[in-house]
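>>> Below: sequence and its predicted model.
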Amino acid sequence: MTDHDASDLIRFIRDKIPLARAMELELLAHDEDRLALRAPLAPNVNDKGCAFGGSLVSLMTLTGWGLAELALRARGHHCDVFVGESTVRYLQPVWADFHAEARLAAGADWASFFDTLQARGKARIEVACSVPGADGKPAATLSARFVAKEPGR
């Protein structure tokens, strides 16, 4: 996966998902096993002056989705990707610009995911996402299962 691939994905997200555009979502970092997206506090603030919980979960969901999408694109797969299930935890308020990081969950691996996709035309992958707080501890976490399905299958 190249910087160009990740930048293309961010443009796609901002073009196709108005919420992502309103959040002012940006690419922070990426590699095969990790994606990090950031957002400024100003368009994502709540009435208390901290980050809106909906913005935190949206950024984590988009980051997890993006990790799966980038892996598929890097291997030449054109699938519909969606979140099948997720659990979010809010652990502390976020008072500044923030970012979300997504990685494969413990026990998940791309090899099994792509083997299943090849055999069945759809597969799922477990992803762990978090928004670090100012103290470095998670401010919010998201455990999610993303599903990839080949069109027509």
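It's in.

>>> where do the strands sit along this structure?
26-31, 34-39, 80-90, 98-104, 122-132, 138-149 (DSSP state E).

>>> most centrally placed residue in this protein?
Thr63 (1.5 Å; Cα atoms, centre = their mean).

>>> In contact with it: list those residues for me.
By Cβ atoms under 8 Å, 6 or more residues apart in numbering, Thr63 lies in contact with 35-37, 100-102, 129. Just so you know, the C-beta spots here come from the backbone N, C-alpha and C atoms, and that holds for glycine as well.

>>> confidence score at it?
Note on Thr63: pLDDT of 97.

>>> now do Arg153
pLDDT, Arg153: 74.

>>> And Asp5, by the same measure?
Note for Asp5: predicted pLDDT of 82.

>>> you'd agree it is up against Arg73?
Yes - if you go by Cβ atoms under 8 Å, Asp5 and Arg73 touch, sitting 6.1 Å apart.

>>> of the two, who's got more company?
Remark: of Asp5 and Arg73, Arg73 carries more neighbours, 17 against 14, as counted by other Cβ atoms under 10 Å.

>>> Right, I'll call it a day here.
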